[in-house]
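# Sequence and predicted structure are below.
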Amino acid sequence: MKQYILACFLLITMQVKAQDEQNATFSPPFDFSLTLSGNFGELRANHFHGGLDFKTQGVSGKKVRALSDGYISRIRVTHGSGYVLDVVYDNGYSTINRHLSGFMPPIAQRVEDLQYETESWEVEIIPEVNEYRVSAGQQIAWSGNTGYSFGPHLHLDMLETATGDYIDPLPFFKTKIKDTRAPVAQGFMLFPQPGKGVINKMADPYSFQHTDSRVIEAWGEIGSAIKAYDYMDIVSNRYGVHTVILSVDGKDVFRSTVDRFSSYENRMINSWAENNYMKSFIEPGNTLRMLEAFNDNRGIITIDMEQDYLFQYTLKDVYGNTSRYRFVVRGKKQQIPPVTQREKYCFTWNKVNYLQEPGLDLLIPQGLLYNDVALNYSVHKADSAAISYTYQLHDKKVPLHSYCDLQIGLLYMPVADSTKYYIARINEKGKLISVGGEYEGGFVKARVRELGTYTAAVDTIAPEIIPVNPQNWHRNGKIVYKIKEEETGIKSYRGTIDGAYALFGLNIMNDQLVYEIDTSRVGQGISHDIEIEVTDNCGNKTILKDTFK
């Protein structure tokens, strides 16, 4: 009986908590009219946009306010997100405020003290629960443009505290942002399934616009996709589409609702979206919850009768603004070309996959592929000076859900220092992109997240450090150096003034080291000695000594 009463109590408590969260309200983050430069779930490279980007009237330094009662749970300075503040609210939600220009006292001083203590620009503080309580409308930070940011704004992530899921914050601010504009389709694409479908006698994807008069003839299994954007009043920005529904001959076959995702699901965007087209079918290894298929073939359409099939897309935003687009696919029996496969190079999405070739080992654990793939594998030696063969695992990029192990053997070692070797991915333009790696027993080993073309390379060139307009340092109150590192990227940096650590930060948007002159630490009217040390990911180091007044 006691256990039954306890279970009932817990159930009631959970129901009350869920009801409280459903009824949660938030104050706006700013005391001026809200407009957005980005919305929740926009398609980005390898990830969904996790929150809302609020415009800040084109400037930094606006007061960022708490949305409700709660406490500050995490304080960070990072190269990617700049100054970051996490807040846990009492109503069951949490937020992450990114790209800030600064914190409020006493947090600002605590952060600076830790930076000097650890001699690191990047720091993290986890305060005690309720150590820094905040109230709705209270200023908690200053807006900015720090980190990987293309202009002054506030990026606001909202999470469901209990699950850690990223959720769309826009419903909480609907009454404060005007939107009467419906989403707009830019184009469509049809995907014949390999060996199972064909479009206009071709097995390649077929793209078109809804205004096209071309007849589309198809046979077999076909996947559909749409490129579309949403728009809002007053501003010219374009946004991601909240809801996409595909119906064929009046029956719904697929729906996407971009309202929440977990950190684990984030990279599944690579399975759902291709060149900004949102697929209206689900690959077998994709478990993204925002996607739902209503037929028994993951949203893939079977064209097996010589008749017209009416496709209709319905697009909706959070406000209910709706648009519809229709096109016809004509069923026409035609030859479906078989897929020519070399069994050794056929990878299966739900199994462990292993490829071993002379000078190459690739191991892909189960669960990293979203679909089966028949590799278009080849190997060649770029030139006589190449230190390894170049391995084309596939002629198209195949994203993986996480990292797998790749190792490439060296043909010879032009330098004795084994730390100088790394693995590089060769992109579509032929440029080498370092993925890192370590040398061991004749091989360079690295972890990669996509199948493409890889080779081994050597980096013996140290970074270059270049003063930027030193004649303006005194007037601007900033010391600035440009870092040029062409191969493996910057691993670490450190700056001193008169032998003491100086708080240089790395601006990753332009690869500049910037020190905002602190006159309490740097005396005025006298010369000072600067020393900058930069090390790349292969251990190549440059030390620059300079002076300024």
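Yep, that arrived. Numbering: from 1, shown residues only.
# From residue 42, how far off is residue 238?
Separation of residue 238 from residue 42 (Cβ to Cβ, to the nearest Å) stands at 9 Å. The way it works is simple: take the backbone N, C-alpha and C, and place the C-beta from them, glycine included.
# neighbour count winner among the two?
Taking other Cβ atoms under 10 Å, residue 238 and residue 42 do not tie; residue 42 has more neighbours (20 against 17).
# doesn't residue 49 make contact with the more buried one?
Yes: Residue 42 lies in contact with residue 49 (Cβ atoms under 8 Å); the separation is 3.8 Å.
# Overlap of the contact sets of the two?
Here residue 42 and residue 49 have residue 240 as joint contacts, going by Cβ atoms under 8 Å, 6 or more residues apart in numbering.
# quick one, what contacts residue 39?
Contacts of residue 39 by Cβ under 8 Å, 6+ apart are 49, 52-53, 168, 170, 230, 239-240.
# Would you mind identifying the next helix or strand past the strand or helix carrying residue 534?
Assessed by DSSP states H and E, residue 534 sits inside strand 528-536. Heading C-terminal from strand 528-536, the first helix or strand you meet, by DSSP H and E, is strand 541-548.
# Tell me the gap between that following strand and the middle of its chain.
Relative to the centre of its chain, strand 541-548 is centred 35 Å away, using Cα atoms, centre = their mean, to the nearest Å.
# coming back round to it: show me the contacts of residue 39 that map onto strands.
Judged by DSSP state E, strands contain the following of the contacts of residue 39: 52-53, 230, 239.
# which one among those gets closest to residue 330?
Among the ones in strands among the contacts of residue 39, residue 230 lies closest to residue 330 (Cβ to Cβ), at 30.8 Å.
# And the helices in the chain?
2-22, 107-118, 269-272, 473-476 (DSSP state H).
# what's in contact with the last one?
Helix 473-476 is contacted from outside by 479-480, 517, 548-549, using Cβ under 8 Å, 6+ apart.
# Narrow the residues you listed to just the buried residues.
Buried subset of the contacts of helix 473-476 (neighbour count, 16 or more other Cβ atoms under 10 Å): 479-480, 517, 548.
# And these, which is closest to residue 400?
Among those, and counting by Cβ to Cβ, the member closest to residue 400 is residue 480, at 38.5 Å.
# and the two most separated of the contacts of helix 473-476?
Going by Cβ to Cβ, the pair spanning those furthest: 480 and 549, at 15.8 Å.
# Number of residues surrounding the nearest residue to residue 433 once chain neighbours are set aside?
Among residues not flanking residue 433 along the chain, residue 425 sits closest, at 4.7 Å (Cβ to Cβ, 6 or more residues apart in numbering). Residues lying near residue 425 (other Cβ under 10 Å) number 21.
# and residue 425, what does it touch?
432-433, 435, 448, 450, 452-454.
# can you list the domains in this structure?
Structural domains assigned to the chain are 21-176, 184-331, 343-458, 464-548, following automatic domain parsing.
# The longest one: how far from the chain's middle?
Put plainly, it is domain 21-176. Distance, centroid of domain 21-176 to centroid of chain: 18 Å (Cα atoms, centre = their mean).
# Please renumber the chain so that the first residue is 111 from this point on.
Sounds good: first residue 111 from here, last item domain 131-286.
# which stretches of this structure have low pLDDT?
For the chain, applying pLDDT under 70 flags the ranges 111-132.
# mind checking how far residue 201 is from residue 150?
19 Å.
# more neighbours, those two?
The residue with more neighbours, out of residue 201 and residue 150, is residue 150; 28 against 19, by other Cβ under 10 Å.
# Contacts only, for the more buried one.
158-162, 276-280, 350, 368-369.
# For it, give me phi and psi.
phi -70, psi 130 (degrees, to the nearest 10).
# where's it relative to residue 280, distance?
For residue 150 relative to residue 280 (Cβ to Cβ), the value is 6 Å.
# between those two, what contacts are shared?
Listed contacts common to residue 150 and residue 280 are residue 162; contacts here mean Cβ under 8 Å, 6+ apart.
# The closest residue to residue 641 other than its chain neighbours and residue 230, how far apart?
In space, residue 641 comes closest to residue 606 once its chain neighbours are excluded; the distance is 4.9 Å by Cβ to Cβ, 6+ apart. Using Cβ to Cβ, one gets 14 Å for the distance from residue 606 to residue 230.
# where do the strands sit along the stretch 311-460 of the chain?
Taking DSSP state E, counting those that start in this stretch, the strands of the stretch 311-460 of the chain run over residues 316-318, 327-341, 348-349, 353-358, 361-367, 370-371, 383-384, 387-389, 401-403, 411-413, 418-426, 432-441, 456-457.
# For residue 238, which of these is the nearest?
Nearest to residue 238, of those and by Cβ to Cβ, is strand 370-371 at 29.3 Å.
# Packing partners of the closest one?
When contacts are defined as 3 or more Cβ pairs under 8 Å, 6 or more residues apart in numbering; DSSP states H and E, strand 370-371 packs onto strand 276-277.
# Can you tell me the strand partners of the strand it packs on and which way each runs?
Each strand paired with strand 276-277, and its direction, by DSSP bridges: strand 263-270 (antiparallel), strand 370-371 (antiparallel).
# For it, report the contacting residues that lie outside it.
150, 158, 160-161, 203, 267-270, 369-373, 376.
# Recalculate using a threshold of 10 Å.
Residues outside strand 276-277 that contact it (Cβ atoms under 10 Å, 6 or more residues apart in numbering): 150-151, 158-161, 203, 206, 267-270, 369-373, 375-376.
# Show me which of those residues are buried.
Neighbour counting with 16+ other Cβ under 10 Å marks 150-151, 158-161, 203, 206, 267-269, 369-371, 375-376 as buried within the contacts of strand 276-277.
# which one of the residues you listed sits closest to residue 133?
residue 203 (11.8 Å).
# Isn't residue 552 up against residue 520?
Yes: Residue 552 is within contact range of residue 520, at 6.0 Å (criterion: Cβ atoms under 10 Å).
# Report the set of residues contacting both of the two.
Common contacts of residue 552 and residue 520 (Cβ under 10 Å, 6+ apart): residue 469.
# More neighbours: the two, which one.
Shown here are residue 552 and residue 520; by other Cβ under 10 Å, residue 520 has more neighbours (19 against 11).
# Nearest residue to residue 648 in space, please, no chain neighbours.
Closest to residue 648 by Cβ to Cβ, 6+ apart is residue 569, at 4.1 Å.
# Repeat that for residue 577.
Using Cβ to Cβ, 6+ apart, the closest residue to residue 577 is residue 591 (5.8 Å).
# tell me, how many neighbours does the one you found end up with?
23.
# before we move on, what about residue 570?
Per other Cβ under 10 Å, the neighbour tally for residue 570 reads 12.
# With residue 418 instead?
Residue 418 has 10 nearby residues by other Cβ under 10 Å.
# Same question for residue 432.
13.
# Can you name the residues that contact it?
Applying Cβ under 10 Å, 6+ apart to residue 432 gives the contacts 292-293, 353, 355, 424-426.
# For the residues you listed, work out which two are farthest apart.
Using Cβ to Cβ, the contacts of residue 432 span at most 13.5 Å, a distance reached by 292 and 355.
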